[in-house]
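Engineer: output the structure for:
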Amino acid sequence: MTVDPKIRFAGVINERGRLVAGGMKENVEPLESKKDDEMIFMELALRVKMRKEFDKQLGTVNFAMASRERAIAMSFPLGEDILYVVSEPDTDYAALATKVLKIAHS
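Structural biologist: Numbers count the residues shown, from 1 in each chain. Down below sits the predicted model:
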């Protein structure tokens, strides 16, 4: 969360789509309900698994990003888990991804 002040959420999602660490930044209003979060996490885990199908041809995924009207969502594979980071839509996503990758691989 301290990597960038525009981060709203940072959490580790396991391969079954469950939040195992992290969460919403204090004093930030969630954009979705708890139920929606569960669905997003499960869909994310499935998407990350599906991307692995192309690792042989394209190499492993460093990160994936979705830019939406109200947020930027990034996922970073961490072994079998996923680091999921959501930030404000005006975030410098290239700089944020670089910072997160540096920390994740240190």
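
Engineer: scan the chain for its longest helix.
Structural biologist: Counting residues, the longest helix found in the chain (DSSP state H) is helix 34-51.

Engineer: same question for it, mean pLDDT?
Structural biologist: Averaged across helix 34-51, the pLDDT comes to 95.

Engineer: quick check: next helix or strand after it?
Structural biologist: The first helix or strand that comes after helix 34-51 along the chain, using DSSP states H and E, is helix 55-58.

Engineer: give the rounded mean pLDDT of that next one.
Structural biologist: Helix 55-58 comes out at a mean pLDDT of 96.

Engineer: which residues are contacting that helix?
Structural biologist: Here helix 55-58 makes contact (CB atoms under 8 Å, 6 or more residues apart in numbering) with residue 61. Yep, even glycine has a C-beta here, placed from its N, CA and C like the rest.

Engineer: for it, buried residues please.
Structural biologist: Residues of helix 55-58 include none that count as buried (16 or more other CB atoms under 10 Å).

Engineer: all good on my end, thank you.
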